[in-house]
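**Q** No letters, just coordinates:
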């Protein structure tokens, strides 16, 4: 296990001086060496030469022996440790280990082309939640294969899909799938830690982390070839890239709070970067769960409507009800409440409306049967009505 140290300047410790001796000052050409028990030997003593030679030979032999010992030895004693890293269950690694087995890679092959995305088990009977735009190509014929975290592959079929919320449910033959737990996306707060898991660019099991950057972002999603999806999205800076679509966005407990669906990309003026720039968007799981339940039970889903057509070309504040004669749905909520073509809707409940997209997202954040307060302007006079949202027609 490697250890990291603060980047500080450490002073090297002083090494002790090497052993040394100082010869005595010469006295009448007689040298004294305080060795061998402190005996003194005179230069005139014929045995002193041999003793000196013996000392030199011993020193040289020791040096040669040390050199041979260093050059001929081919082994070294390297100390290793077997320390294990303990990862807390609520750490990113701990959460990823629990969640990843429930996330799958989705590969679609159809006559119109192929596509790759992500999904996750929402039921142990093999039901998988993903984005509609991931599997849309196979809706009229094609093959869908899902790959589990352990590498096993299964065929899947579409149970139901809904382009308005960009959601779809698949079914495999698996009967013991590891389903993920749902959280409560209404209780998510800006700044909460989140983790995204999926298969960006086909790289299965990729884990990224970040925070919730914003809530209730009006986002239009889809693949550009079909009906647009209007999402009241959770915004995150966790890295999300093409292929992450349909994968889970989980909170610090490992519960799913969103379905990763879209990313913002830079325009051509900024180089047209299509990868993650820290602006990813997920469908809140509370909405996704309602839609998934409908898709499993009925094969289709409905969404709430006001019963008006909006002029998307209007550039002023609010959302303009189209001036066309068929702008108000006969018998719909808006007609019953007295709205007319040319009215400008400026608020839904306490939420200010600045554009047509914001109006659609604000309505689809509700459920069929909910009562909402609509504030609008007609002939420079601000009015307010309360109405009950109706269900859209079966797609």
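**A** Received, thanks. Fair warning: this is a prediction, and the values are worked out from it, not measured in the lab.
**Q** partner residues bridging residue 220?
**A** Beta bridges link residue 220 to residue 230 when assigned by DSSP bridges.
**Q** That one: what's it in contact with?
**A** 228-231, 357 (Cβ atoms under 8 Å, 6 or more residues apart in numbering). For the C-beta atoms, the positions are set from N, CA and C on the backbone; glycine is no exception.
**Q** Go again with 10 Å.
**A** Residues near residue 220 by Cβ atoms under 10 Å, 6 or more residues apart in numbering: 166, 228-231, 233, 262, 357, 360-361.
**Q** next one: residue 129
**A** By Cβ under 10 Å, 6+ apart, the neighbours of residue 129 are 119-123, 167-170, 179-180, 246-248, 256, 259, 283, 285, 288-289, 291-292, 295-296.
**Q** nearest spatial neighbour of it, skipping sequence neighbours?
**A** residue 122 (4.8 Å; Cβ to Cβ, 6 or more residues apart in numbering).
**Q** so that neighbour makes contact with residue 159?
**A** No - at 11.1 Å, residue 122 and residue 159 do not qualify as touching, with contact defined as Cβ atoms under 10 Å.
**Q** Can you check which residues contact both of the two?
**A** Going by Cβ under 10 Å, 6+ apart, residues that sit against residue 122 and also against residue 159 are 128, 169, 292, 296.
**Q** Please enumerate the helices of the stretch 201-350 of the chain.
**A** 285-298, 333-337 (DSSP state H, counting those that start in this stretch).
**Q** closest to residue 370 out of these?
**A** helix 333-337 (10.4 Å; Cβ to Cβ).
**Q** Would you mind listing the buried residues in the closest one?
**A** Under the neighbour-count criterion of 16 or more other Cβ atoms under 10 Å, helix 333-337 has 333-335, 337 buried.
**Q** same thing with stretch 383-395?
**A** Buried, per 16+ other Cβ under 10 Å, within stretch 383-395: 387, 389-390, 392.
**Q** hang on, the earlier thing: burial count for the residue nearest to residue 129?
**A** 25 (other Cβ atoms under 10 Å).
**Q** who's in contact with it?
**A** Applying Cβ under 10 Å, 6+ apart, the residues near residue 122 are 102, 128-129, 169, 177, 179-182, 248, 256, 285, 288-289, 292-293, 296.
**Q** I'd like to know how far it sits from residue 336.
**A** Distance, residue 122 to residue 336, using Cβ to Cβ, to the nearest Å: 36 Å.
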